[in-house]
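Asks: Predicted structure and sequence below. I'll ask about it afterward.
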Amino acid sequence: MFCNQCEQTAKGTGCTQIGVCGKQPDVAALQDLLIYACQGLSVVAFEAAKKGIQDKDTDLFIYKAVFSTLTNVNFDAARFVPLINQAVELRKCMTARVGSLGVISDCDCLKFTPAADIAGLVAQGEAHAINAVDPNADIQSLKQTVLYGIKGVAAYADHAALLGQYDGSVAAYIYEGLASALRTDLDLGAWVDLAMRCGKANLKAMELLDAANTSAYGHPVPTAVPLGHRKGKCILVSGHDLKDLETLLKQTEGKGIDIYTHGEMLPCHGYPKLKAYKHFFGHYGTAWQNQIKEFAAFPGAVLMTTNCIQKPAASYLPNIFTTGLVGWPGAVHVGNEDFSAVIKRALELPGFTDDVEGVSVNVGFARNTVMGVAGTVIDAVKAGKIRHFFLVGGCDGAKPGRNYYTEFVEKAPKDTIILTLACGKFRFFDKSLGDIGGIPRLLDVGQCNDAYSAIQIALALAGAFNCGVNELPLSLILSWYEQKAVAILLTLLSLGIKNIRLGPSLPAFITPNVLDFLVKTFDIKPITTPDEDLKAILG
């Protein structure tokens with residue numbers, strides 16, 4: 001086993017015995033094998049595209065298959081077997097449609113036949129590890145950057161497709177990127193280009209997901225979300241999937257069960273069609289890495305819709321349910337359309353026995369809300385009331401060093417605005433930072449995919465001030481953990497955005513030469529200390 005796709009990888013180099021995330025060696029091998037099987041499918045699909053052949057069902061499969069290998073999604077080895085077999089069957093079907101494949105027909109990936117049992121599949125996966133495909137360390141670094149970015153793209157494309165938003169160009173890039181990773185004739189320049197195009201593909205995927213969420217549930221509006229609880233039965237929803245949340249809200253209506261969000265589901269409270277449900281009550285807990293403590297204390301059922309699941313403690317294993325692509329051995333898996341088992345368990349559990357008011361936090365400051373007060377914001381900047389904007393967000397995690405983000409926000413001067421998104425916000429989401437002329441100093445833009453909203457806000461401000469994004473009084477202070485963050489970073493770089501500060505540590509798969517290129521081309525920087533970084537930014 002060797003896995004270095006997340007920020008918490010062991011010793012800053014790679015997990016070799018067991019994943020820090022809890023991934024077992026057999027799962028790591030099966031994930032690599034699934035990627036290899038998808039690469040075989042991609043070789044044929046990429047060739048098919050040249051002949052005008054594209055199949056939507058195959059595209060939707062590639063999203064799900066690749067997404068399932070993303071950090072903290074599926075830990076159940078058995079669930080990978082049908083995906084591997086389906087990838088091969090789809091490859092064969094696509095090959096039949098394409099006809100002659102010419103010289104590429106000799107590619108080993110097109111001859112791959114899955115073993116008959118899991119032990120055999122694991123052995124095949126170990127022979128096709130995605131971290132060992134190129135002898136040139138810098139090209140291998142960029143290959144992994146592209147592969148991990150593709151995992152993030154697939155995640156967003158899958159979420160969008162579930163709500164009916166689809167664009168074949170996203171899958172077309174995924175096929176090209178996965179197929180290219182098998183090649184040994186591409187130079188560094190070609191891989192830089194593939195990385196930038198991964199960022200552009202991710203921008204399209206996030207645009208689709210933004211359209212999916214807002215067309216289904218309305219544009220988010222400023223909403224106060226209680227962090228307390230009220231007496232009664234309860235279900236906690238974690239992950240990222242709005243459609244699963246809506247389905248659960250419909251199925252629990254009138255049953256005396258309150259629905260709470262956890263982690264990146266917090267921004268869901270800002271969507272008008274979701275907040276209309278009277279039993280959609282509040283938010284419980286913080287970011288994903290605290291779930292073992294928080295889920296154990298929650299007195300109801302827990303539904304995990306997407307990443308990030310951790311190994312459930314025995315105390316709450318009977319109470320946690322997975323759905324969609326999420327899986328953990330021993331946890332009950334339920335279909336996306338029927339949450340009756342979750343509801344039944346919630347009614348069996350005690351629920352909250354008292355009312356606790358608690359504090360509230362505000363969500364709903366996505367692009368429509370912020371652009372709605374753009375005139376006020378622009379006037380405040382011109383009047384010197386707002387000196388600078390900081391986007392402080394990204395993934396949270398357990399690795400030491402993330403308190404930097406709490407301290408940075410606390411020390412940011414009172415004439416600055418903090419925009420935030422993703423689960424990194426939980427380092428400071430409940431801080432009272434006040435306002436500037438009625439504009440809250442802390443604006444929650446949404447989930448990680450709502451980086452699209454943040455980008456649109458930045459572009460709108462640049463247009464209003466008749467300047468480029470890099471000339472705005474705006475600094476990006478980002479934290480990363482998994483592959484969706486890689487995709488978002490590539491999107492920002494593909495847009496030419498510079499001077500990004502990234503932490504808490506740099507990716508293990510980035511070589512010194514690739515890092516040097518990023519520094520020289522995009523002036524990307526590792527975080528240092530809040531005091532030093534604030535001084536460097538503000539003077």
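Replies: Arrived safely. Residues are numbered from 1 along each chain as shown.
Asks: separation between the residue nearest the centre of the chain and Thr369?
Replies: A centroid search over the chain (C-alpha atoms, centre = their mean) returns Lys484, at 3.8 Å, as the residue closest to the centre. Counting by C-beta to C-beta, to the nearest Å, the gap between Lys484 and Thr369 amounts to 23 Å. Glycine gets a C-beta too; all of them are placed from N, C-alpha and C.
Asks: again with Asn336
Replies: Distance, Asn336 to Thr369, by C-beta to C-beta: 29 Å.
Asks: State whether the residue nearest to the centre of the chain is indeed within a strand.
Replies: No - membership of Lys484 in a strand is not supported by DSSP: H, G, I helix; E, B strand; the rest coil, which gives helix.
Asks: ok, it - contacts?
Replies: 70, 151-152, 155-156, 395, 448-449 (C-beta atoms under 8 Å, 6 or more residues apart in numbering).
Asks: Return the subset of those lying in helices.
Replies: Secondary structure from DSSP state H places 151-152, 155-156 of the contacts of Lys484 in helices.
Asks: Now the buried members of those.
Replies: 151-152, 155-156 (16 or more other C-beta atoms under 10 Å).
Asks: and which of the residues you listed is nearest Leu534?
Replies: Gly152 (29.3 Å; C-beta to C-beta).
Asks: On the pLDDT front, check that closest one for me.
Replies: At Gly152, the model reports a pLDDT of 98.
Asks: Quick check, it in contact with Trp480.
Replies: No - between Gly152 and Trp480 there is no contact under C-beta atoms under 8 Å: 10.5 Å.
Asks: Give me the common contacts of the two.
Replies: Val486.
Asks: Using the three-state scheme, assign Thr214.
Replies: Applying three-state DSSP: Thr214 is helix.
Asks: quick one: contacts for it?
Replies: By C-beta under 8 Å, 6+ apart, the contact set of Thr214 is 220, 368.
Asks: at 10 Å instead, please
Replies: 220, 271-272, 366-368, 453 (C-beta atoms under 10 Å, 6 or more residues apart in numbering).
Asks: This protein - how does it break down into domains?
Replies: Split into domains by automatic domain parsing, the chain comes to 10-216, 223-348, 365-538.
Asks: start to end distance for the shortest one?
Replies: End-to-end distance for domain 223-348, by C-alpha to C-alpha, to the nearest Å: 31 Å.
Asks: any idea of the mean pLDDT for that domain?
Replies: Averaged across domain 223-348, pLDDT comes to 97.
Asks: wait, what's in contact with Pro267?
Replies: Counting by C-beta under 10 Å, 6+ apart, Pro267 has contacts 213, 220, 223, 225, 240, 242, 261, 274, 283, 363-366, 421-422, 425, 444-447, 450.
Asks: Helices - which of those residues land there?
Replies: 213, 242, 274.
Asks: Next, count neighbours for the second one.
Replies: Okay, so that is Leu242. Leu242 has 25 neighbouring residues, counting by other C-beta atoms under 10 Å.
Asks: Against Ala201, how distant is it?
Replies: For Leu242 relative to Ala201 (C-beta to C-beta), the value is 22 Å.
Asks: before we move on, what about the first one?
Replies: When distance is defined by C-beta to C-beta, Asn213 is 19 Å away from Ala201.
Asks: between these two, who's got more neighbours?
Replies: Using other C-beta under 10 Å as the criterion, Asn213 and Ala201 rank with Ala201 on top: 30 against 27.
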